[in-house]
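> Sequence isn't available, so here's the structure alone:
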């Protein structure tokens with residue numbers, strides 16, 4: 001059994017790496033070509049979109065998606081990794097803290113800002129991951145990067161634990177945010193739990209499946225209800241329907257001439273060079289490419305082919 005072109009939104013369990021999820025899915029789908037969006041550390045759980053087979057060609061289109069997380073952090077203790085897996089580097093009393101002070105401090109982090117990457121991170125320094133240097137006791141220079149935090153909602157304060165939900169840009173380190181909050185409150189803090197609850201508009205906990213559910217549905221029941229048609233996550237792209245003959249041309253990497261009535265979009269024809277998708281009569285993704293306007297028709301030039 002091989003599914004050549006699909007997406008699975010995995011609800012990753014805590015304790016397994018993102019690579020481990022991919023390894024298991026390769027067995028489930030009996031296919032080698034699989035890739036995922038946005039690595040989750042083993043300590044984290046939640047949404048991990050995985051692209052199977054030829055759908056891996058779509059990954060570059062989704063790499064910049066915003067993320068949403070729910071995190072629980074503990075005030076009063078700082079660690080070298082900024083999470084519960086690290087060694088304690090400081091401890092402070094939190095008896096004086098009030099929920100209002102915590103909320104006002106957290107609110108200041110909404111907006112565009114620079115963030116320092118954690119010492120223990122996958123950021124490469126001269127080709128070597130920072131965490132590897134840190135584990136060897138070597139000095140690690142924390143890199144500055146520009147991030148954007150759109151919203152932070154405090155869901156509960158039960159000292160020493162605080163639960164908050166964060167919507168942010170790609171590349172935001174939640175444990176660095178937690179550490180910064182602890183430093184601002186002068187008591188220290190570290191992340192205890194992290195769950196990614198959404199990646200962009202199409203991947204959330206509502207349509208996520210655990211690995212064991214996916215294995216049961218596909219291997220035992222031949223049920224592909226856990227799979228997402230790539231067309232559904234490309235809804236923002238204008239659509240053009242192609243015939244079997246045109247599909248064969250595209251499959252061979254050739255451009256095809258199209259009529260205006262083949263387009264399905266808000267405007268009669270997409271603008272020149274606008275990225276569009278081509279589908280067959282069954283709404284199966286055939287190709288992604290660009291339109292070239294000609295005197296009497298339009299030419300679709302494929303850039304990625306999925307059949």
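On my side now, so go ahead. If you're wondering where the values come from, they're calculated on a predicted model, not measured in any experiment.

> So for stretch 54-63, what gets flagged as buried?
Within stretch 54-63, the residues that count as buried by 16 or more other C-beta atoms under 10 Å are 54, 55, 56, 57, 58, 62. For the C-beta atoms, the positions are set from N, CA and C on the backbone; glycine is no exception.

> Any idea how far apart the tips of it sit?
Taking C-alpha to C-alpha, to the nearest Å, stretch 54-63 runs 17 Å from one end to the other.

> what's the distance between residue 261 and residue 281?
Residue 261 sits 15 Å away from residue 281, going by C-beta to C-beta, to the nearest Å.

> next one: residue 52
Counting by C-beta to C-beta, the gap from residue 52 to residue 281 is 23 Å.

> Just want to know which of those two has more residues nearby.
The neighbour count for residue 52 versus residue 281, taken as other C-beta atoms under 10 Å, is higher for residue 52 (25 against 10).

> After the host helix or strand of that one, which helix or strand is next? Please name it.
Assigned by DSSP states H and E, residue 52 falls within strand 44-53. Sequence-wise, the next helix or strand downstream of strand 44-53 (DSSP H and E) is helix 59-62.

> quick check: mean pLDDT across that following helix?
Averaging pLDDT along helix 59-62 yields 95.

> Off-centre distance for whichever helix or strand comes after it?
Scanning forward in sequence from helix 59-62 by DSSP H and E, the next helix or strand is strand 67-75. Distance of strand 67-75 from its chain centroid, counting by C-alpha atoms, centre = their mean, to the nearest Å, is 16 Å.

> any idea how this protein splits into domains?
5-65+202-231, 67-199, 237-305 (automatic domain parsing).

> All the strands of the stretch 51-200 of the chain, in order from the start?
Under the criterion DSSP state E, counting those that start in this stretch, the stretch 51-200 of the chain carries strands at the ranges 67-75, 77-79, 88-91, 111-116, 124-125, 128-129, 144-158, 161-168, 189-199.

> Format these as a markdown table; extra columns: distance to residue 291, mean neighbour count and mean pLDDT.
Formatted as a markdown table, those follow (distance: least, C-beta to C-beta, whole Å; neighbours: other C-beta atoms under 10 Å; pLDDT from 0 to 100):
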| stretch | distance to residue 291 | mean neighbour count | mean pLDDT |
| --- | --- | --- | --- |
| strand 67-75 | 32 | 21 | 98 |
| strand 77-79 | 53 | 21 | 96 |
| strand 88-91 | 57 | 12 | 94 |
| strand 111-116 | 34 | 13 | 95 |
| strand 124-125 | 39 | 14 | 64 |
| strand 128-129 | 42 | 14 | 64 |
| strand 144-158 | 32 | 14 | 96 |
| strand 161-168 | 34 | 19 | 98 |
| strand 189-199 | 29 | 22 | 98 |
